[in-house]
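In: What follows is a predicted structure for the sequence shown.
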Amino acid sequence: RLLHQALPAQPILPEVPAAPVGPQLEKNCVLEYTNAASCAGKAEVITDPGNYFQMDCAALGACAQSTTTFQFTLATTALYIDTVIFSEQYAGYGATIVVEDIRVGSQAVLNKLECKALGACQGLTIILKNADLNELNCDDV
């Protein structure tokens, strides 16, 4: 004898809140310029990066001919970007780094920009809009 029994209903669970999203703290470009997924040749705006933000271009031509804009808006209390590093040959070749602070009475700071390999910062352009650069280290390679 078969019993016809209804299947239990799908349980209803309470809504799970989304994890809080904090400011972006890093950008790691580790693919060579020949890889279509690399950072090379691309433009990106990073809005309201967090203090301690670090950007590392760590492959041959990883960020070549790219434009990265760090934009500090009224929505942030962050004051600085920690480090931007071009650690491999031609990693930042022809690249542009823009630091822009639109807040009145505040000035964003790029603490350190490092060029650590042959041609790593050849043709690099740095644009500071209501911003400052504390330290520029270019190894004599």
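Out: Sure thing, it's come through.

In: List the contacts of the residue positioned nearest the centre of the chain.
Out: In the chain, the residue lying closest to the centroid (C-alpha atoms, centre = their mean) is K27, at 3.6 Å. Residues near K27 by C-beta atoms under 8 Å, 6 or more residues apart in numbering: C39, E44, I46, F53, Q54, M55, D56, T68. Placement of C-beta: from N, CA and C, glycine included.

In: Generate a ChimeraX selection restricted to the buried subset of those.
Out: Filtering these down to the buried ones (16 or more other C-beta atoms under 10 Å) takes a single ChimeraX command:
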select :39,46,53,54,55,56,68
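
In: now, among the contacts of K27, which is nearest to L118?
Out: L118 lies nearest to D56 out of those, by C-beta to C-beta, at 17.3 Å.

In: how about that closest one, what does it touch?
Out: So D56 contacts E26, K27, N28, C29, V30, T83, I85, S87 (C-beta under 8 Å, 6+ apart).

In: could you pull out the strands for the protein?
Out: 26-29, 43-47, 53-57, 67-72, 80-86, 96-101, 108-115, 125-129, 131-138 (DSSP state E).

In: Turn the ones you listed into JSON lines, including distance to N35 and mean pLDDT.
Out: As requested, those are exported to JSON lines (distance: least, C-beta to C-beta, whole Å; pLDDT from 0 to 100):
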{"stretch": "strand 26-29", "distance to N35": "10", "mean pLDDT": "96"}
{"stretch": "strand 43-47", "distance to N35": "16", "mean pLDDT": "97"}
{"stretch": "strand 53-57", "distance to N35": "13", "mean pLDDT": "97"}
{"stretch": "strand 67-72", "distance to N35": "18", "mean pLDDT": "98"}
{"stretch": "strand 80-86", "distance to N35": "17", "mean pLDDT": "97"}
{"stretch": "strand 96-101", "distance to N35": "21", "mean pLDDT": "98"}
{"stretch": "strand 108-115", "distance to N35": "22", "mean pLDDT": "97"}
{"stretch": "strand 125-129", "distance to N35": "24", "mean pLDDT": "98"}
{"stretch": "strand 131-138", "distance to N35": "26", "mean pLDDT": "96"}
